[in-house]
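Engineer: okay, predicted coordinates and the sequence, questions at the end:
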Amino acid sequence: MPEYAPLPEGLSTVRRIGVVADTHIPDRTRSLHPDLLPGLMEAQVELILHAGDICSPAVLNDLSQVAPVVAVRGNRDWAFAGVLPWVRSFTVNGICIAMQHGMGGFWHYWWDKFKFTMVGYNFARYQRLLLHTTPGHDVMIFGHTHHVVNLAEGGVLFFNPGSAAVTPPAWPAPSFGVLTLDGRGGVSGEITHMRRISVRAGNWIVE
């Protein structure tokens with residue numbers, strides 16, 4: 001069941017929300033992608049949501065330089081055990097938002113790994129999980145797959161910002177998302193792809 005945690009005071013009427021997932025620091029890189037904080041600032045976000053696999057508390061500190069941060073725990077977030085919930089549900093500007101990492105429970109996680117190995121990525125597997133665990137929401141935010149989703153279906157916006165960490169060459173470039181709330185019950189999502197930057201010994205190599 002989702003944790004109905006209230007937002008920090010003053011954030012219930014924001015219009016621009018940054019969405020980040022799968023930063024994987026320091027297991028993939030030592031620091032955030034060089035384009036992430038400037039991109040969020042340029043987008044003028046008033047709140048940042050992190051959908052898990054944060055890995056290091058320093059990530060949330062860095063993101064909070066741009067805007068207040070609300071996060072959930074992912075399967076690699078051992079550092080946040082007992083600190084962050086697995087699922088959150090809250091309302092922003094009239095929009096009911098659910099956020100989870102998207103790996104499900106123990107058996108779902110390993111069954112999905114098997115299915116991914118056998119047949120590859122399939123959004124429908126995650127869509128079923130989201131609808132089962134957090135029904136009745138206008139927006140369902142998740143991460144985990146490192147695949148971007150920005151799909152409005154059945155009155156629900158399914159939104160995965162992709163991974164903000166380094167990505168394999170055959171996959172889309174690192175990315176983050178922005179939700180825009182119009183204050184009249186409408187919401188739209190956009191994805192920003194960042195530069196492909198080489199990583200050496202965990203450090204971004206910016207030329």
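Structural biologist: Arrived safely, thanks for sending. Bear in mind the structure is a predicted one, so any value in this text is a computation, not a measurement.
Engineer: what is the burial count for Gly120?
Structural biologist: Gly120 is surrounded by 7 other residues when neighbours are defined as other Cβ atoms under 10 Å. (Each C-beta comes from the backbone N, C-alpha and C, glycine too.)
Engineer: do Ser64 as well
Structural biologist: A count of neighbours around Ser64, defined by other Cβ under 10 Å, yields 11.
Engineer: this structure: strands as residue ranges?
Structural biologist: Taking DSSP state E, the strands of the chain run over residues 16-20, 47-50, 69-71, 87-92, 95-100, 139-141, 149-153, 156-160, 175-181, 187-193, 198-200, 203-205.
Engineer: what would those look like in a markdown table with mean pLDDT, distance to Ser31 and mean neighbour count?
Structural biologist: Supplementary listing: the strands of the chain in a markdown table, determined by pLDDT from 0 to 100; distance: least, Cβ to Cβ, whole Å; neighbours: other Cβ atoms under 10 Å:
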| stretch | mean pLDDT | distance to Ser31 | mean neighbour count |
| --- | --- | --- | --- |
| strand 16-20 | 98 | 14 | 26 |
| strand 47-50 | 97 | 15 | 25 |
| strand 69-71 | 95 | 16 | 22 |
| strand 87-92 | 94 | 26 | 20 |
| strand 95-100 | 96 | 24 | 23 |
| strand 139-141 | 98 | 24 | 26 |
| strand 149-153 | 97 | 26 | 15 |
| strand 156-160 | 98 | 23 | 24 |
| strand 175-181 | 98 | 15 | 23 |
| strand 187-193 | 98 | 19 | 17 |
| strand 198-200 | 91 | 10 | 10 |
| strand 203-205 | 93 | 7 | 12 |
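Engineer: save these as JSON lines, and put in distance to Asn122 too.
Structural biologist: Below are these laid out as JSON lines (distance: least, Cβ to Cβ, whole Å):
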{"stretch": "strand 16-20", "distance to Asn122": "22"}
{"stretch": "strand 47-50", "distance to Asn122": "24"}
{"stretch": "strand 69-71", "distance to Asn122": "26"}
{"stretch": "strand 87-92", "distance to Asn122": "22"}
{"stretch": "strand 95-100", "distance to Asn122": "18"}
{"stretch": "strand 139-141", "distance to Asn122": "17"}
{"stretch": "strand 149-153", "distance to Asn122": "12"}
{"stretch": "strand 156-160", "distance to Asn122": "13"}
{"stretch": "strand 175-181", "distance to Asn122": "20"}
{"stretch": "strand 187-193", "distance to Asn122": "19"}
{"stretch": "strand 198-200", "distance to Asn122": "28"}
{"stretch": "strand 203-205", "distance to Asn122": "31"}
